[in-house]
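**Student:** Predicted structure and sequence below. I'll ask about it afterward.
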Amino acid sequence: MADAHLVNNPLTPNRAIQFDADLCTQCNACVEVCRCDVLAPSPGPGEPPVLVYPDECWFCGCCVAHCPSPGAIRMEHPLCQQVGWKRKETGEQFRLGMADPPPAYVRPPVGGWGPPSKGR
Ligand code: SF4
Ligand code: SF4
């Protein structure tokens, strides 16, 4: 009979959860609290839990909050959730959780900075 192996999902670009194998103690607390069953238990010593269904992650943060080993697990938010905004008067850029955001993006969009024309 052939062996069956559970592996990190290689097909999706979404890497919702990142582990640091050096810090993870394989306690599987993150697996137990995940409300979406995104993770599978650690397969063995030195190996963190398996990210089986990254696209099912709700980014609730329970796994990170319950981890007893700081830095062993973190969330990687998708680009569409990495919100940024700009103060019109000064061009200052702001992003959630970013203490030192990059400089303002000054290249004008196609059609310039003017008000949108009718039908656009
Ligand atoms: S962020 Fe929430 S849904 Fe995603 S893996 Fe962690 S506990 Fe599960
Ligand atoms: S809760 Fe933290 S230490 Fe425990 S298995 Fe998950 S990532 Fe590793």
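**Tutor:** Here it is on my side, so go on. If you're wondering where the values come from, they're calculated on a predicted model, not measured in any experiment. Numbering: from 1, shown residues only. Ligands and ions are numbered 1, 2, ... in the order given.

**Student:** Can you pull out the low-pLDDT segments for the protein?
**Tutor:** By pLDDT under 70, the low-scoring segments of the chain are 10-13, 81, 96-105, 109, 111, 113-120.

**Student:** Would you map the strands across it?
**Tutor:** Ranges of strands in the chain, per DSSP state E, are 17-19, 39-40, 50-51, 73-75, 84-86, 93-95.

**Student:** Any chance of those strands in JSON lines with distance to ligand 1 and mean neighbour count as columns?
**Tutor:** Every residue, glycine included, has its C-beta placed from N, CA and C. Formatted as JSON lines, these follow (distance: least, Cβ to the nearest ligand atom, whole Å; neighbours: other Cβ atoms under 10 Å):
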{"stretch": "strand 17-19", "distance to ligand 1": "5", "mean neighbour count": "19"}
{"stretch": "strand 39-40", "distance to ligand 1": "6", "mean neighbour count": "22"}
{"stretch": "strand 50-51", "distance to ligand 1": "8", "mean neighbour count": "20"}
{"stretch": "strand 73-75", "distance to ligand 1": "6", "mean neighbour count": "17"}
{"stretch": "strand 84-86", "distance to ligand 1": "22", "mean neighbour count": "12"}
{"stretch": "strand 93-95", "distance to ligand 1": "20", "mean neighbour count": "13"}
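
**Student:** For Gly112, find the nearest of those.
**Tutor:** strand 84-86 (16.7 Å; Cβ to Cβ).

**Student:** Check which helices and strands the closest one sits against.
**Tutor:** Helices and strands touching strand 84-86, by 3 or more Cβ pairs under 8 Å, 6 or more residues apart in numbering; DSSP states H and E, are strand 93-95.

**Student:** Give me the sheet partners of the strand it packs on and which way each runs.
**Tutor:** In the sheet, strand 93-95 lines up against strand 84-86 (antiparallel) (DSSP bridges).

**Student:** For the nearest residue to Gly84 once chain neighbours are set aside, give its distance to Gln18.
**Tutor:** Leaving aside its chain neighbours, Gly84 sits nearest to Arg95 (4.3 Å; criterion: Cβ to Cβ, 6 or more residues apart in numbering). Separation of Arg95 from Gln18 (Cβ to Cβ, to the nearest Å): 19 Å.
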